[in-house]
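*Asks:* sequence below, structure please.
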Amino acid sequence: MSEGNEPRSPKWVKVVLVISLAVNLAVAGLVFGAFARGDGMRDRVEHSMALRSLGLGPFSRALSPQDRDELRGRVTRNGVELREERRAVGRELRQIEQALRVEPFDRAGVEAALTRSRNLVVALQEVGHTALLDQIETMSFEDRIALADSLDEVTRRNRRP
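*Replies:* A predicted model of the protein is given here:
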């Protein structure tokens with residue numbers, strides 16, 4: 001058989017593999033980055049991952065430690081257990097991984113797992129954004145300027161090659 005006649009993988013397989021790879025690399029990068037900065041304390045990694053899972057990536061580093069603690073407290077006081085929510089997203093990803101290994105392919109099952117995962121992530125981001133806005137609202141003008149400066153520094157570091 002010539003190269004042009006070889007069967008190609010369906011597009012959805014590539015999409016799912018890219019999503020899985022991106023999630024795995026993001027988690028590995030978070031953990032490695034925290035330890036590479038020399039602040040490898042378990043609580044700090046946990047807090048950073050918790051804020052990132054709320055869709056607050058750059059804010060997890062830009063906020064002061066006190067504000068990060070208060071933000072996380074706001075979320076947990078609202079009844080959200082971040083660790084369990086992240087585990088639920090992980091369970092959906094594992095279901096997708098398992099479904100990829102089954103023949104025949106269950107498109108509807110994978111699509112349902114992707115939808116559940118997306119809904120969990122969107123709900124977490126909504127909680128995170130509301131808690132962040134509540135936190136910022138309590139800040140003085142000077143504290144907001146300091147946060148803006150810190151956020152600028154964080155994003156500037158991320159732009160460097």
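*Asks:* strands of the chain, residue ranges please.
*Replies:* With DSSP state E as the criterion, the chain has no strands.
*Asks:* mind showing which ranges of it have poor pLDDT?
*Replies:* Within the chain, the stretches with pLDDT under 70 are 1-7, 25, 28-50, 158-161.
*Asks:* okay, which residue is most central for the protein?
*Replies:* The centroid of the chain falls nearest to S53 when counting by Cα atoms, centre = their mean (3.8 Å).
*Asks:* ok, how many other residues are close to the residue lying closest to that residue once chain neighbours are set aside?
*Replies:* Leaving aside its chain neighbours, S53 sits nearest to R86 (5.1 Å; criterion: Cβ to Cβ, 6 or more residues apart in numbering). Every residue, glycine included, has its C-beta placed from N, CA and C. Look at R86: counted by other Cβ atoms under 10 Å, it has 19 neighbours.
*Asks:* before we move on, what about the one 4 residues further on?
*Replies:* Around G90 there are 14 other residues, counting by other Cβ under 10 Å.
*Asks:* then the one 10 residues further on?
*Replies:* Other residues within reach of L100, judged by other Cβ under 10 Å, total 15.
*Asks:* same check on P104?
*Replies:* P104 has 5 neighbouring residues, counting by other Cβ under 10 Å.
*Asks:* if we can go back for a sec, the residue nearest to the centre of the chain and L114: what is the separation?
*Replies:* Here S53 is placed at a distance of 17 Å from L114 (Cβ to Cβ, to the nearest Å).
*Asks:* helices or strands up against the longest helix anywhere in the chain?
*Replies:* Ranked by residue count, the top helix of the chain under DSSP state H comes out as helix 107-137. Where contact means 3 or more Cβ pairs under 8 Å, 6 or more residues apart in numbering; DSSP states H and E, helix 107-137 is packed against helix 11-36, helix 42-53, helix 65-77, helix 82-100.
*Asks:* L151 and S60 touch, don't they?
*Replies:* No: taking contacts as Cβ atoms under 8 Å, L151 lies outside contact range of S60: 10.8 Å.
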